[in-house]
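*Asks:* Okay, predicted coordinates and the sequence, questions at the end:
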Amino acid sequence: GAGVSQTPSNKVTEKGKYVELRCDPISGHTALYWYRQSLGQGPEFLIYFQGTGAADDSGLPNDRFFAVRPEGSVSTLKIQRTERGDSAVYLCASGRTSTGEQYFGPGTRLTVT
Amino acid sequence: AQKITQTQPGMFVQEKEAVTLDCTYDTSDPSYGLFWYKQPSSGEMIFLIYQGSYDQQNATEGRYSLNFQKARKSANLVISASQLGDSAMYFCAIRRGGGNKLTFGTGTQLKVEL
């Protein structure tokens, strides 16, 4: 079946602009995660959804970052007033349950100029 | 808080040989899970193997096995009969029991040579 998909695959934006990154999880997966991976680092947790609600947003770096999952499927990560330090690969993962295996998408490479 | 340490930034192995990638962890939780992921140059994280803290036996998945030494807090990945396609970045990760988020190490870049 189809895996986790993320769009766009690449996004270049200017400092100060607003961006939205989209994640389509595997059908039927209730758990959805966002991670951020900077160059030379492992992924860092941002936020976790169980169904429609954000069950854990402790990894969001500041209030410029926000994520939604209004129907319990597709999720959008939103970044306001982007900064050059936001440049990274944003990974989405989904799972059948919160304690099960996480399946990752290919990521969105965000570059803030 | 949980932490993963991967001390080998890069490793080389000859095709068909076995290789061990090191991972040590730190956690105060009595229940936790350890994961290994492979990240090829395409960027996608591919799940390889899982070990629960209460599992009595070391996990194995095909050519992958996890050398779990609880007292030493280590969870090394062993890849047997290396193939050229194994060249990739490998990440060790931990999740507390009942938790959700994964905490990753900095990874080991493995290069398989002819």
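*Replies:* Sure, I can see it. Residues are numbered from 1 along each chain as shown, chains lettered A, B, ... in the order given.
*Asks:* Which secondary structure element of chain A has the lowest mean pLDDT?
*Replies:* Every helix and strand of chain A was ranked by mean pLDDT, DSSP states H and E. The lowest is strand A:53-56, at a mean of 91.
*Asks:* need the residues of chain B near chain A, please.
*Replies:* B:4, B:37, B:42-47, B:50, B:91, B:93, B:95, B:97-107 (Cβ under 8 Å from any Cβ of the partner chain). For every residue, glycine as well, the C-beta is placed using N, CA and C.
*Asks:* For the closest residue to A:Pro43 other than its chain neighbours, which residues are in contact?
*Replies:* Nearest residue to A:Pro43 in three dimensions, chain neighbours excluded: A:Tyr35, at 3.8 Å (Cβ to Cβ, 6 or more residues apart in numbering or on different chains). Applying Cβ atoms under 8 Å, 6 or more residues apart in numbering or on different chains, we find A:Tyr35 in contact with A:Pro43, A:Glu44, A:Phe45, A:Leu46, A:Tyr90, A:Leu91, A:Cys92, A:Ala93, B:Leu102.
*Asks:* in the sheet, who's paired with A:Tyr35?
*Replies:* Beta bridges link A:Tyr35 to A:Phe45, A:Leu91, judged by DSSP bridges.
*Asks:* For B:Asp22, see how far away it is.
*Replies:* Distance, A:Tyr35 to B:Asp22, by Cβ to Cβ, to the nearest Å: 23 Å.
*Asks:* what do you get for A:Val112?
*Replies:* Applying Cβ to Cβ to A:Val112 and B:Asp22 gives a distance of 35 Å.
*Asks:* Check A:Arg109 too.
*Replies:* 29 Å.
*Asks:* repeat for B:Ser41
*Replies:* 22 Å.
*Asks:* and the two? which has more neighbours close in?
*Replies:* Comparing B:Ser41 with B:Asp22 by other Cβ atoms under 10 Å in any protein chain shown, the one with more neighbours is B:Asp22, at 17 against 8.
*Asks:* you'd agree the more buried one is up against B:Thr7?
*Replies:* Yes: using Cβ atoms under 8 Å, B:Asp22 is in contact with B:Thr7, at 5.8 Å.
*Asks:* helix, strand or coil for the residue nearest to the spatial centre of chain B?
*Replies:* For chain B, the residue nearest the mean C-alpha position is B:Trp36 (3.5 Å; Cα atoms, centre = their mean). Three-state assignment for B:Trp36 (DSSP: H, G, I helix; E, B strand; the rest coil): strand.
*Asks:* ok, now A:His29?
*Replies:* Following three-state DSSP, the label given to A:His29 is coil.
*Asks:* That one is in contact with A:Gly95, isn't it?
*Replies:* Yes: counting by Cβ under 8 Å, A:His29 does reach A:Gly95; the two are 5.7 Å apart.
*Asks:* what is in contact with those two at once?
*Replies:* Joint contacts of A:His29 and A:Gly95 (Cβ under 8 Å, 6+ apart) are A:Tyr103.
*Asks:* Do you know the pLDDT at whichever residue of chain B sits closest to chain A?
*Replies:* Closest residue of chain B to chain A, Cβ to the nearest Cβ: B:Phe104 (3.1 Å). Predicted confidence (pLDDT) for B:Phe104: 97.
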